[in-house]
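> just the structure for this:
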Amino acid sequence: MPDLDFEKQYCHLGDVVGIDEAGRGPLAGPVSVAGVILPEGFEHPLINDSKKLSEKRREALYDELCDRSEILWAVSLVDVEEIEKLNILKATHLGMVRVVEKLSSAPAMCLIDGLPVPHFPFPHLGIVKGDSKSLSIATASIFAKVIRDRFMRQAAEQFPEYGFEQHKGYGTKKHLEALQKFGPCPIHRRSFAPVAQLGLPFKDQKSP
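This is a model prediction of the structure:
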């Protein structure tokens with residue numbers, strides 16, 4: 001289970017923020033980036049990498065964590081237009097910068113899930129599989145995932161034919177079949193295969 005060992009290495013400098021993202025791989029929807037600063041000595045027996053938690057457990061933890069005023073957090077959703085303009089990696093890095101800027105307390109160190117980020121404007125440490133090692137990164141993974149999932153459930157109300165409420169934009173069989181039948185909608189990432197391979201107009205646009 002993740003703990004505060006990494007955070008303890010830097011807490012003498014000031015606040016330490018854990019940063020993680022959700023949604024780099026899907027064919028539709030934004031990428032969600034969260035940053036979390038946990039109070040010193042924080043413990044929680046159930047917080048883990050969001051991918052290892054059920055949707056029900058993630059939602060319950062999110063609601064509980066939101067009610068705890070001692071936890072500082074922020075989330076940035078980088079939309080499809082920015083993903084297409086920048087590419088998914090740069091869009092994710094942009095979301096990380098925005099999250100740090102949104103925090104009410106400027107952190108002394110950023111713990112980022114994955115590799116170090118080139119030209120990141122804040123002190124940081126990249127931790128591979130950090131969401132299973134750092135408690136603040138694991139907590140950030142829950143915030144990022146839950147907020148993105150809620151966005152995709154709302155998108156499903158606008159575009160019900162794609163089943164976004166089930167697969168959250170990932171390339172499942174049902175999603176690919178809907179793409180073939182209906183073509184992409186405005187929240188699909190046009191540059192992502194197999195969306196790019198369809199060569200189809202947006203669902204709400206007429207063919208020339």
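
> tell me the domain ranges of the chain?
5-157, 158-198 (automatic domain parsing).

> ranges for the helices of this protein?
Along the chain, counting by DSSP state H, helices occupy 5-10, 55-66, 80-86, 88-102, 135-158, 164-167, 173-182, 195-198.

> rank these by pLDDT, which is bottom?
Per-stretch mean pLDDT for these is lowest at helix 195-198 (a mean of 75).

> same list (the domains of the chain) but as JSON lines, adding mean neighbour count.
Yep, even glycine has a C-beta here, placed from its N, CA and C like the rest. Below are the domains of the chain laid out as JSON lines (neighbours: other CB atoms under 10 Å):
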{"stretch": "domain 5-157", "mean neighbour count": "19"}
{"stretch": "domain 158-198", "mean neighbour count": "17"}
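
> before we move on, back to that, of all the helices of the chain, which one is nearest A108?
helix 5-10 (6.4 Å; CB to CB).

> is it true that G29 touches V80?
Yes. G29 is in contact with V80 according to CB atoms under 8 Å; the separation is 7.1 Å.

> using TSV, lay out the helices of the chain together with distance to V17.
TSV is the format used below for those (distance: least, CB to CB, whole Å):
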stretch	distance to V17
helix 5-10	9
helix 55-66	15
helix 80-86	22
helix 88-102	7
helix 135-158	7
helix 164-167	30
helix 173-182	33
helix 195-198	33
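
> of all these, which one is nearest F42?
helix 135-158 (6.8 Å).

> show me what that closest one is packed against.
Counting contacts by 3 or more CB pairs under 8 Å, 6 or more residues apart in numbering; DSSP states H and E, helix 135-158 is packed against strand 16-22, strand 31-37, helix 55-66, strand 72-78, strand 109-113, helix 164-167.

> let's have the ones you listed in TSV, adding distance to K133.
Listed next are these as TSV, based on distance: least, CB to CB, whole Å:
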stretch	distance to K133
strand 16-22	10
strand 31-37	14
helix 55-66	18
strand 72-78	19
strand 109-113	9
helix 164-167	28
